[in-house]
Structure formats: structure tokens, C-alpha cells
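Trainee: sharing a sequence plus its predicted fold:
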Amino acid sequence: LPGQPAELMPMVERHLIPRLRRLTGGTVLLSSTLKLTGTTESEVDAKVRALLALKGETTVGIYAHPGQVDLRITARGKNDREARRRIAGVERRNLTRVGGLFYGADDETLESAVGTLLKRRHQRLAVAESCTGGLIQHRLTDIAGSSDFFLGGVVAYSNSIKQSVLGVKPKTLKKYGAVSPETAQTMAIGVRHLTGSHLGLAVTGIAGPSGATKTKPVGLVYIALAHGRSTSVRKFLFTGSRGTIKWKASQASLNLLRLHLL
């Protein structure tokens, strides 16, 4: 039991666990969580509906979070081996249905999955952020050993920093605005050239509740990825509070990078 005093463990093992096993008929109950992103709860539900209807020794539940959907598989067995075997069988069926939406299981995070892919590809990343205010860089640097794949980044919140540090031209900002595919693309290219990284990731948007216009609503976000001689840009329209929009933007940014690395 994580976080419990060490002196309680013998009592738990000698008395509590055997009692729980007697109460449950001597069975073992285990669970596993498959983590998906770049999708919605309704889309996942449509893909795995038959598995969600499972009853008996193995069941599947669906849980939605901002920018993420979890599939939790729970199985009973006479012992750990039997329960894990049942979980593994349902996991394979789920993964066949969700494909590239799956990024990790249990305690794995999207940023750790991205970090693993970057190291495997021997590529290094730099990030330019506006509306997310450094959240992407915070998530990446929370990983131990992130210096192996993350070079650094810029929080270019003001237009003056976008121009002076990342090379966004005044005429680009005047014609298209700070929240535009053109600005996002230049930010990604700029941070890549600034750091000498293999990949440049950039995000600009309107987290709200202020800053929106008739043509650019709260939640509008552009994410760009510069790689080699190419730059790809994606448009998103997120909903929720300011904090939720920032989180969803960081999640979508990391997922765009993950899909590119795959």
C-alpha cells in the first residue's frame, strides 16, 4: 500500500489480505488502464462498445478526462496469473480497435511516451509556447533524464518576443494575427533554428476568457511542428475553462509530436 507506514505492512499481509480473500471467495481482483488521446469518449465508445458490454470475470469501463480517454480493464481470477491472462486477452482486443489512439498504460504519461520515442529516434526537441505559457516544457522537464531529448524553449507570450526571438515578421502579425497558422509555423521554425534542434514544436491560441474576436473564438489554437524541410500546422477548437484549454492544448501538442515520431 503506497504511502503507508512500513510497520503496518506485516499486519496487512498477515491479517487484512487473507481476510479480503476469504470475503471474495479466495479470488484475486486486478485491473489495467489503457490511455488514449486525440479522440473523444463517444468515438472510443463506438469503437469498443462490444467490450464495454462484457460481464462476468472481466469487465471494461470508459473514463473521460480533458484531452484523454481511459479504458479500465478489471478481471477476477483464482490467482494473479489467471487474472493477468484475462486482462491481457481483453487488452489485445481493445488495442486492435483503437490503434494509434493508444499511447500508454497505467502510470505512463503522454510526455513520457513522447520522451521514449524521441530517444529511440535519437532526435531532440525545442518548444515555443504562447497560450500554454510553458506548460508543455514543464511536462517534458518533469521526466527524469529529459535533457537527453529536450534542448529548451521560449515562452513567447508577447508579440515583441515572437518577433525579436522567434523571427515572426511584423507584417505576418498585422495581416494574420498572433493566433494564426502562419504565426504558429514561423514560431516552430524559429525555435528550431534558435536551438539547433531536430524538431520545433509551437503553439499559439486564445485560452480565454478574454481575447476572443468574432472570427477567433476562445479555445482556438494552432499547433505547428517543424521537421526537416517541412512544417505541419493543425487547427483546434477546445472548450472549457482557461486552465482546461491550456491543458488540452498541451495534450494535443504532445500528441501531434507523438504521431509524427510513430
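Mentor: Received the coordinates, thanks. Numbering: from 1, shown residues only.
Trainee: and the helix or strand containing residue 152, what does it pack against?
Mentor: Assigned by DSSP states H and E, residue 152 belongs to strand 150-155. Applying 3 or more Cβ pairs under 8 Å, 6 or more residues apart in numbering; DSSP states H and E, one finds that strand 150-155 makes contact with strand 125-129, helix 135-141, helix 181-195. Where you see a C-beta, it was placed from the backbone N, CA and C, and this is true even at glycine.
Trainee: try 10 Å
Mentor: helix 110-121, strand 125-129, helix 135-141, helix 159-164, helix 181-195, strand 199-205 (3 or more Cβ pairs under 10 Å, 6 or more residues apart in numbering; DSSP states H and E).
Trainee: any idea of the angle it forms with strand 199-205?
Mentor: 30 degrees (axes from the mean of the first three to the mean of the last three Cα atoms, to 10 degrees).
Trainee: list the buried residues in strand 150-155.
Mentor: If you call a residue buried by 16 or more other Cβ atoms under 10 Å, then strand 150-155 has these buried ones: 150-151, 153-155.
Trainee: next: stretch 173-190.
Mentor: 173, 178-190.
Trainee: and the two most separated of those?
Mentor: Greatest spacing in these, by Cβ to Cβ: 179 and 189 (17.3 Å).
Trainee: quick one, what contacts the residue lying closest to residue 130 once chain neighbours are set aside?
Mentor: Leaving aside its sequence neighbours, residue 130 sits nearest to residue 204 (Cβ to Cβ, 6 or more residues apart in numbering; 4.1 Å). Shown in contact with residue 204 (Cβ atoms under 10 Å, 6 or more residues apart in numbering): 128-132, 156-157, 162, 168, 177-181, 183-188, 220-224, 249.
Trainee: residue 204 and residue 259: what is the separation?
Mentor: 20 Å (Cβ to Cβ, to the nearest Å).
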